[in-house]
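# Here is my input, please return the structure:
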Amino acid sequence: MAFSTRLSLILAAVLAALLSTLSALALLAAQRDLVARQRSELNTVGVLLRTALDRSSAYALIEVEAMARQNELREAMASSNGQAVLDRFRETFGFLRAEAGLEIMQFQTAGLRTLIRLHDPSRSNDDVSAIRPIVVAANRSRRGQRGIEIGPTGILALRGVAPVHRGGEFVGTAEIGFDLRSLLQSVKIGSGAEIGIFVSTAMTQHAGKAGGGDEVQLKDSTDSRLFASVANAAGFRLGRDSVQFEATIGPDRWGVVIEPLLDFSGRMIGGMVGAKDFSALHAAYRRDALIFGFVALAGAIIAFSVVMVSLRAFILGPLQMVVDYAEKLEASLTPPEPPKLGGARELRRALTAFDSLANRRADAADPAKSQGASA
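Sure, this is the predicted structure:
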């Protein structure tokens, strides 16, 4: 391998290593940005979930407080006339059920027994003192309550409960509950993420019915097939702290956030899960990696070419002329014509030294000049 080639390869390798280092640093920065962006977007999903839950429960309380202030309801509950309540609110319940996702509308007496259920009129007079904390709290505090709760029939709903008074007399409580579908859809529209609600049997009052084992159930979601896969992912767990992890589902990569789902009494019953497709972000990162790699490779090739041309033009070419001149000088007693160099100063100095040496050698070989010098 020629000297010029070895030198060019060394310099090109050094430059390629420099470019590779810069590319690696750029990739690390891009990866940090990717992770930060994923975390930020998942945090946004979590905030939207908590905010939507709070707003929906507040809306349920406002609606039921308005109902509790109707004189017809006050009179019917004061006389424990469930049929009158049913007749009064049957049409309202049907409309809200169809248009607003109302799942539950029911009324309880001051003695904590069910007066009428509009969503199930056949069942009444049930004792709710031991199974309905939100109703018991409204009954005892004489103030409206709101929150999420699983009823004795397993219905998970956002509930609002308001006390009903006739004059100064407390006559019972009114309750409504909305399903979670509208909440899930609103969060999906606002965040672009798929949303699901999971409930753990080990965390609810129904755990005993499952033989004491823990079974995570998907109660509702915007994409049931996706969340069936998310539930089987390695990082999936329900806890009181927010959890974030990444799951590969099919060809796609999803970022997942799990927010704790607490009922009215503060007991954890499951989790609100948001899943956002980050495949496009990872594809952009891979494109950046290919670009950085191409830049490093192209830089090495260009560096090799530039170094080769520069060496030949400014160093090796003039050096070869000096070598040729020295060889001619060695072969002839008469000094040859020195070449014209436009290269480095050191090469011109070497050529001058060779020329001076050639002249001294020629003078020493010329007898006439030698005799003249002796005279």
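# hey, let's count contacts and neighbours off CA atoms from now on
Fine.
# Run through who's touching stretch 143-160.
For stretch 143-160, contacts defined as Cα atoms under 8 Å, 6 or more residues apart in numbering pick out 53, 56-58, 60-65, 103-104, 131-132, 134-135, 137-138, 161-163, 175-180, 219, 262-264.
# which parts of that stretch are buried?
Going by neighbour count (16 or more other Cα atoms under 10 Å), the buried part of stretch 143-160 is 144, 145, 146, 147, 148, 149, 150, 156, 157, 158, 159, 160.
# picking up where we left off before, select only the buried ones of the contacts of stretch 143-160 in ChimeraX?
In ChimeraX, this line selects whichever of those come out buried by 16+ other Cα under 10 Å:
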select :53,56,57,58,60,61,62,63,64,65,103,104,132,134,135,137,138,161,162,163,175,176,177,178,179,180,262,263,264
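# what's the straight distance from one end of stretch 71-88 to the other?
By Cα to Cα, to the nearest Å, the extent of stretch 71-88 from end to end equals 11 Å.
# Would you mark the buried spots in that stretch?
Neighbour-count burial for stretch 71-88, counted by 16+ other Cα under 10 Å, picks out 73, 74, 75, 76, 77, 78, 80, 82, 84, 85, 86.
# now swap in stretch 96-107 and tell me
Buried residues in stretch 96-107, defined by neighbour count with 16+ other Cα under 10 Å: 97, 101, 102, 103, 104, 105, 106, 107.
# so how far is residue 240 from the closest residue in space to residue 241 that isn't next to it in sequence?
Counting by Cα to Cα, 6 or more residues apart in numbering, residue 241 lies nearest to residue 260, which is 6.6 Å off, once chain neighbours are set aside. Note on residue 260: its distance to residue 240, by Cα to Cα, is 5 Å.
# so where's this protein shaky on pLDDT?
Applying pLDDT under 70 to the chain flags residues 1-5, 7-8, 204-214, 312-320, 322, 325, 329-351, 353-355, 357-358, 360-375.
# Next, format the buried residues of stretch 143-160 as TSV and append distance to residue 46 and secondary structure.
Shown next, in TSV, are the buried residues of stretch 143-160 (distance: Cα to Cα, whole Å; DSSP: H, G, I helix; E, B strand; the rest coil):
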residue	distance to residue 46	secondary structure
144	27	coil
145	24	strand
146	20	strand
147	18	strand
148	17	strand
149	20	strand
150	22	strand
156	20	strand
157	19	strand
158	18	strand
159	21	strand
160	23	strand
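# and the two most separated of the residues you listed?
Greatest spatial distance in those: 144 and 156, 19.2 Å, computed using Cα to Cα.
# before we move on, which element is the residue lying closest to residue 142 once chain neighbours are set aside in?
Closest residue in space to residue 142, ignoring its immediate chain neighbours: residue 163 at 5.6 Å, by Cα to Cα, 6+ apart. Remark: residue 163 resides in strand 156-166, with elements defined by DSSP states H and E.
# what comes into contact with stretch 219-227?
156, 180-181, 184-185, 188, 194-199, 218, 249.
# Whichever strand or helix holds residue 57 packs against which elements?
In the assignment (DSSP H and E), residue 57 maps to helix 3-68. The contact analysis (3 or more Cα pairs under 8 Å, 6 or more residues apart in numbering; DSSP states H and E) places helix 3-68 against strand 145-150, strand 156-166, strand 169-178, helix 181-191, strand 252-262, strand 268-277, helix 279-310.
# quick one, it and strand 268-277 angle?
Inter-element angle recorded for helix 3-68 and strand 268-277: 130 degrees (by axes from the mean of the first three to the mean of the last three Cα atoms, to 10 degrees).
# residues in contact with residue 75?
residue 166.
# and the gap between it and residue 248?
With distances taken as Cα to Cα, residue 75 is found 59 Å from residue 248.
# what does residue 88 give?
Residue 88 is 52 Å from residue 248, by Cα to Cα.
# next one: residue 217
Residue 217 sits 21 Å away from residue 248, taking Cα to Cα as the criterion.
# if we can go back for a sec, quick one, which of residue 260 and residue 240 is more surrounded?
It is residue 260, of residue 260 and residue 240, that has more neighbours when counted by other Cα atoms under 10 Å, with 21 against 15.
# Okay, and the beta partners of the more buried one?
Counting by DSSP bridges, residue 260 is bridged to residue 271.
# residue contacts, it?
Contacts of residue 260 (Cα under 8 Å, 6+ apart): 238, 239, 240, 241, 242, 268, 270, 271, 272.
# switch to 10 Å and redo it
Counting by Cα atoms under 10 Å, 6 or more residues apart in numbering, residue 260 touches 46, 50, 198, 238-243, 267-273.
# List just the nearest of these to residue 293.
Set against residue 293, the nearest of those by Cα to Cα is residue 243 (34.6 Å).
# Count the residues that sit near that closest one.
By other Cα under 10 Å, 19 other residues sit near residue 243.
# and the angle for the helix or strand that contains residue 137 with strand 169-178?
Following DSSP H and E, one finds residue 137 within helix 133-141. With the same axes, to 10 degrees defining the directions, helix 133-141 sits at 160 degrees from strand 169-178.
# Give me the helices and strands touching helix 133-141, please.
The contact analysis (3 or more Cα pairs under 10 Å, 6 or more residues apart in numbering; DSSP states H and E) places helix 133-141 against strand 102-109, strand 145-150, strand 156-166, strand 169-178.
# that older thread, drop anything exposed from the contacts of stretch 219-227.
Buried residues within the contacts of stretch 219-227, defined by neighbour count using 16+ other Cα under 10 Å: 156, 180-181, 184-185, 188, 194-199, 218.
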